[in-house]
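Trainee: fold the stuff below for me.
(chains A and B)
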Amino acid sequence: GAVVSQHPSWVICKSGTSVKIECRSLDFQATTMFWYRQFPKQSLMLMATSNEGSKATYEQGVEKDKFLINHASLTLSTLTVTSAHPEDSSFYICSAILGQGKYEQYFGPGTRLTVT
Amino acid sequence: GDSVTQMEGPVTLSEEAFLTINCTYTATGYPSLFWYVQYPGEGLQLLLKATKADDKGSNKGFEATYRKETTSFHLEKGSVQVSDSAVYFCALSDPGANSKLTFGKGITLSVRP
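Mentor: Prediction:
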């Protein structure tokens, strides 16, 4: 149980375009999801915390107008990278927790974004 | 703020060797501590956890003990296998931080037959 999927697993887009990444909890309802960014050979950096039905909470230094997060249902959160640039190329990972007071996060397999 | 420091990698071992991966942390409160593993091409999976001082987390032959006095959570395994080859992340969750995780940089372990 507690499976999280991401789609697509990899995407290439042109500079200036927008790309949407989906994160789904397949067998549980996730009131809270997290979005991370991982650079090569580096750690995961938390970008934002996404709560169902409310605005995402962004970490310091993350541009909320560039990285749009929507958590419209208990099983789906989306991250849209707007006006993408080559420096946005990275590995984006989402995770979800089972509910209030739960701390264990279940991670998706990640999405590799390449902006050309 | 909270931080996690892992030893520098990568680490290459022969099968059946003993493994230690060091992890130390800095936190303002009393965090929960975790080890996550990322196998090639897969997402992160929780390997083990400890929620209070002196707790020992264990799973799949791996162990780690929450040492408050040395602020450490070192990962150990007595005899590694080729299938243990992966990236290992130490992480903490501050109870006042809404389940947010702070990760170390990760370390790549390669086990050769």
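
Trainee: so what's B:L46 bridging to?
Mentor: On the basis of DSSP bridges, B:L46 takes part in beta bridges with B:Y36.

Trainee: B:G57 versus that one, what's the distance?
Mentor: Applying CB to CB, to the nearest Å, the value for B:L46 to B:G57 is 10 Å. C-beta here means a position set from N, CA and C on the backbone, and glycine is covered the same way.

Trainee: neighbour count: the two, which is higher?
Mentor: Here B:L46 and B:G57 are compared on neighbour count by other CB atoms under 10 Å in any protein chain shown; more neighbours surround B:G57, at 21 against 17.

Trainee: wait, a helix at B:S83?
Mentor: Yes - secondary structure assignment places B:S83 in a helix (DSSP: H, G, I helix; E, B strand; the rest coil).

Trainee: what sits against the closest residue to it other than its chain neighbours?
Mentor: Distances taken as CB to CB, 6 or more residues apart in numbering or on different chains put B:V111 closest to B:S83, at 7.8 Å, once the chain neighbours are dropped. Contacts for B:V111 (CB atoms under 8 Å, 6 or more residues apart in numbering or on different chains) come out as B:12-15, B:17, B:80-85.

Trainee: now list whatever residues contact both of B:L46 and B:G57.
Mentor: Taking CB under 8 Å, 6+ apart as the contact criterion, the residues that touch both B:L46 and B:G57 are B:W35.

Trainee: partner residues bridging the residue nearest to B:S83?
Mentor: Going by DSSP bridges, B:V111 is paired in beta bridges with B:L13.

Trainee: pLDDT value on it, please?
Mentor: According to the predicted model, the pLDDT of B:V111 comes to 97.

Trainee: do the same with A:L98
Mentor: What the model reports as pLDDT for A:L98 is 79.

Trainee: for A:D27, see how far away it is.
Mentor: In this structure, A:L98 and A:D27 are separated by 10 Å, where distance is defined by CB to CB.

Trainee: compare the two (neighbour count), which wins?
Mentor: When neighbours are counted by other CB under 10 Å, A:L98 and A:D27 differ, and A:L98 comes out ahead with 18 against 10.

Trainee: residues contacting the closest residue to A:Q29 other than its chain neighbours?
Mentor: Of all residues beyond its chain neighbours, the one nearest A:Q29 is A:L74 (3.8 Å), with distances taken as CB to CB, 6+ apart. Listed by CB under 8 Å, 6+ apart, the contact partners of A:L74 are A:25, A:29-31, A:52.
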